[in-house]
Every structure is written in structure tokens, then in C-alpha cells.
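Asks: Structure of the sequence below:
(one chain, ligands or ions: 1)
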Amino acid sequence: MSEQNRIPQHVAIIMDGNGRWAELRGKERYEGHVAGVEPVRASLRAAARWGVKYLTLYAFSTENWGRPTHEVDALMELFCKSVVNETPELIRQGVEIRMIGDRTRFSEKVQRYLCEAEQRTAGGKTLTLILALNYSSRSEITRAVQRIAARVAAGELAPGEISEGTVSASLDTAPYPNPDLVVRTSGECRLSNFLLWQASYAELYFPEVLWPDFTEEEFDRAIEEYARRDRRFGLVK
Ligand code: FPP
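Replies: Have a look, this model is predicted:
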């Protein structure tokens, strides 16, 4: 890797371990999610310091609807509260909030809060914070296939003209570069339906730390680990 490429342009994080963090302390799982807000702030600070331009956080998967109602409701409240409370500081830092995932399943209130956060932070130049909400790769790819099929049915596109570029451009992530580094905390070594198309050549890093304990120093370790990796993209040196 050249010196310049040692800093990932796009870091994506699966914030895992909130429930276990809370259970280890005899607390409600929800308290683990509340404790998971500070590591979001810490990651943003560290990402900005390293010059990372895109930070994607897996905040709520399509499978998470299957959790107990009170946990889902508490998470929705936390998202609304966090985007309102954090927006002034994000604007100050030049952080633009964007979202991926199918937000139509969220209540009108949650959709309004998310939309306002996007609008108020629009144009931030330091970094783009992409929240994956009601997101899963399979759902995203399925929605992309539906869009492409509609274009074919409308006669705008021939099946043979569908390229990898067509698929990429039809995903929620179309405006963003692919992640260079995917981090999953809590020692679990799987991608769980996260950016499966986009992370084809991403470096993967699985620190043991639970998400609420993820600090700026932990983020630094992830970047340092990335810098040691030898990315070949299927080529030889
Ligand atoms: C996974 O841990 C975490 C979540 C499903 C929620 C993530 C949400 C936050 C960190 C809240 C703050 C986020 C924003 C964007 C304001 P888990 O509950 O699956 O943990 P476990 O595997 O230990 O049970």
C-alpha cells in the first residue's frame, strides 16, 4: 500500500456487545445501548483526526425488529434523542449525517427526526456519518434488483447491459465509496448481513472489546492494524 492508502477512506463498524456489556453489570440491555452513544462520539472524533471521510455505523438491522418490543421502542427513542442532542456538535465538527436502509418501516416521528438531522447537517465537509437503520444487505440488494427490473420492464435497460456498476449504483450506498475497513466489536467474527456487496475487498478487524468500551484508542488500534494489512484486490504485487 502506498503511504496515502494506509489511512482508510471509509470505515464501517458493527457496534456489537451492548447487551452483554449491560448484562455483565446487572443492568437492563437498554442501558448498554445508552452506553453505546459515547463510543459513537469517540469514533467520530478519532475518524476526523485520522482524516477518514466516511464512517458507517450499523445501528439497527432488519432482524432487530424481532427483539422484545420494549428494547426496540427504547432504541427508537434513543435514536431520536441522540440525533437531536448531537446535531449541534456534529454541525460544529462538519459532520454530515446520511442514512442507508429502508426507513419507510419507521414511525413517522422517527422518520421526521432522521430527516431533520440529515437536512440540518447537510453540507458538512469533514466527514460523512452514514447510519445503517433498518438495514440488511439482502434487503438492500433485493430492493436494488427491484429497481433494475423496473427499468428493464420500462424498456430503459436491456438485461445484457446490467453491469456491476448498475448494481452498485442501485444500492443505498451508491453515493459513497466502498468500505476499506469493517470493524466488528465484541469478538464475533461475522458480517451479519452488513455491506456484503460493498465489503468484497474490505479488510476485516474483530477486536474483543464490547461496543460501550470502544474508545478513541480502540479506533486508533483499528486504523493501525489496517495500515499493516497488504491489500491486493485479487492481484499480485
Ligand atoms: C448491538 O449490540 C447493538 C445494537 C443493536 C444497537 C446499536 C445502537 C447504539 C450503539 C446506540 C447509539 C447509536 C446511535 C447511532 C445514536 P447487541 O444488543 O446485539 O449486543 P449483544 O450481542 O451483546 O446482545
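Asks: So which residues of the chain form helices?
Replies: 18-24, 29-35, 37-50, 69-93, 108-121, 137-153, 164-170, 216-228 (DSSP state H).
Asks: ok, and for the first one, which residues are buried?
Replies: Read that as helix 18-24. Neighbour-count burial for helix 18-24 flags N18, G19, R20, W21, A22 (criterion: 16 or more other C-beta atoms under 10 Å). (C-beta placed from N, C-alpha, C; glycine too.)
Asks: contacts with the ligand among the residues you listed, please.
Replies: For the ligand, the contacts drawn from the buried residues of helix 18-24 by C-beta under 6 Å from any ligand atom are N18, G19, R20.
Asks: Redo these as TSV? Include pLDDT.
Replies: TSV is the format used below for these (pLDDT from 0 to 100):
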residue	pLDDT
N18	98
G19	97
R20	98
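Asks: Between these, which sits nearest the ligand?
Replies: The ligand has its nearest neighbour among those in G19, at 2.5 Å by C-beta to the nearest ligand atom.
Asks: residues in contact with that closest one?
Replies: The neighbours of G19, taking C-beta atoms under 8 Å, 6 or more residues apart in numbering as the test, are R29, G32.
Asks: cool, and the one 3 residues further on?
Replies: Taking C-beta under 8 Å, 6+ apart as the definition of contact, the neighbours of A22 are E28, R29, Y30, E31, G32, A35.
Asks: Selecting buried members of these in PyMOL, what would you type?
Replies: The PyMOL command for the buried members of these (criterion: 16+ other C-beta under 10 Å) is given here:
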select buried, resi 29+30+31+32+35
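Asks: any idea how far the residue sitting furthest away from the middle of the chain is from the ligand?
Replies: Farthest-out residue of the chain from its mean C-alpha position, per C-alpha atoms, centre = their mean: G155, at 34.3 Å. Look at G155 and the ligand: by C-beta to the nearest ligand atom, to the nearest Å, they are 41 Å apart.
Asks: I appreciate the help and will end here.
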